[in-house]
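Undergrad: Model the structure of this input:
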Amino acid sequence: MASKPRLSEADFARAALQLGVDVAAVKAVTEVEAPGGGFLADGRPTILFERHIFDRETGGRYRSHVPDLSHPTPGGYGRVSEQHERLARAAALDRTAALRSCSWGRFQIMGFNHALAGHPTLQGFVNAMYRSEGAQLDAFVALLKNQPAIAKALRARDWAGFARLYNGPAYAKNKYDTKLAAAYAKHLRSTG
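TA: Numbering: from 1, shown residues only. Sure, this is the predicted structure:
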């Protein structure tokens, strides 16, 4: 399978300019959110199927017979290589809820945020996530432009604030803020 276009230095610079941040800040988010990149080796976008979101999106109606796909608490993610199979199983139950319940691409944007990420339709968002890392970056820029508090935290390099708003209140459990700070420092050194 042909590889998908990756982000270039010009892409990072364009996004940084649009968001009013430095390039190192955008690179830090990419490193922490999807360290392996926006695509798997087979060309499918990197995703994480979130069973607690699927549970919420479906009102818990699948919880009793597929708890690995529908559960009120986060977790049970499995390996990266298993995510598309989990998505396919959930889509067989409720396709829209399944697509909304994944975080997608290089920036791990939740499907339920498709409109904030610049895509009026869920399917348009999913198509963009399959297209390129550049399309994934465009969705990230749109998301932050539509969520000024997140963009403000990134501009201020308020890693805890950014992580809380971008990843949710449990960000500290996964040390998103400290990972972002370390990635930012590394990228700042390499560009400075």
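Undergrad: Let's see the one helix or strand in the chain whose mean pLDDT sits lowest as PDB, backbone CA atoms only.
TA: Sorting the helices and strands of the chain by mean pLDDT, DSSP states H and E puts helix 176-191 at the bottom, at a mean of 92. The C-alpha coordinates for helix 176-191 follow below in PDB (Å, rounded to 0.1, in the frame of the first residue of the first chain):
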ATOM      1  CA  TYR A 176      -0.200  14.300  29.300                       C
ATOM      2  CA  ASP A 177       0.900  17.600  30.700                       C
ATOM      3  CA  THR A 178       4.400  16.400  31.600                       C
ATOM      4  CA  LYS A 179       4.800  14.600  28.300                       C
ATOM      5  CA  LEU A 180       3.700  17.700  26.400                       C
ATOM      6  CA  ALA A 181       6.200  19.900  28.400                       C
ATOM      7  CA  ALA A 182       9.000  17.400  27.700                       C
ATOM      8  CA  ALA A 183       8.200  17.100  24.000                       C
ATOM      9  CA  TYR A 184       8.000  20.900  23.700                       C
ATOM     10  CA  ALA A 185      11.400  21.400  25.300                       C
ATOM     11  CA  LYS A 186      12.900  18.800  23.000                       C
ATOM     12  CA  HIS A 187      11.400  20.400  19.800                       C
ATOM     13  CA  LEU A 188      12.300  23.800  21.000                       C
ATOM     14  CA  ARG A 189      16.000  22.800  21.300                       C
ATOM     15  CA  SER A 190      16.000  21.100  17.900                       C
ATOM     16  CA  THR A 191      14.500  24.200  16.200                       C
END
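Undergrad: Could you tell me how many residues sit around P148?
TA: When neighbours are counted by other C-beta atoms under 10 Å, P148 registers 10. Where C-beta positions appear, they are placed from N, C-alpha and C, glycine not excepted.
Undergrad: Please name every helix or strand in contact with the least confident helix or strand of the chain.
TA: helix 23-33, helix 159-167 (3 or more C-beta pairs under 8 Å, 6 or more residues apart in numbering; DSSP states H and E).
Undergrad: Can you list the neighbours in contact with that helix?
TA: For helix 176-191, the external contacting residues (C-beta atoms under 8 Å, 6 or more residues apart in numbering) are 22-25, 27-29, 31-32, 157, 159-160, 162-163, 166-167, 171.
Undergrad: Leaving out the residues flanking it, which one is nearest to the residue nearest to the spatial centre of the chain?
TA: By C-alpha atoms, centre = their mean, the chain has its centre lying nearest to Q108, at 0.8 Å. In this structure, Q108 finds its nearest non-sequential neighbour in E33, 4.3 Å apart by C-beta to C-beta, 6 or more residues apart in numbering.
Undergrad: Give me the below-cutoff pLDDT ranges for this structure.
TA: For the chain, the stretches with pLDDT under 70 are 1-3, 191-192.
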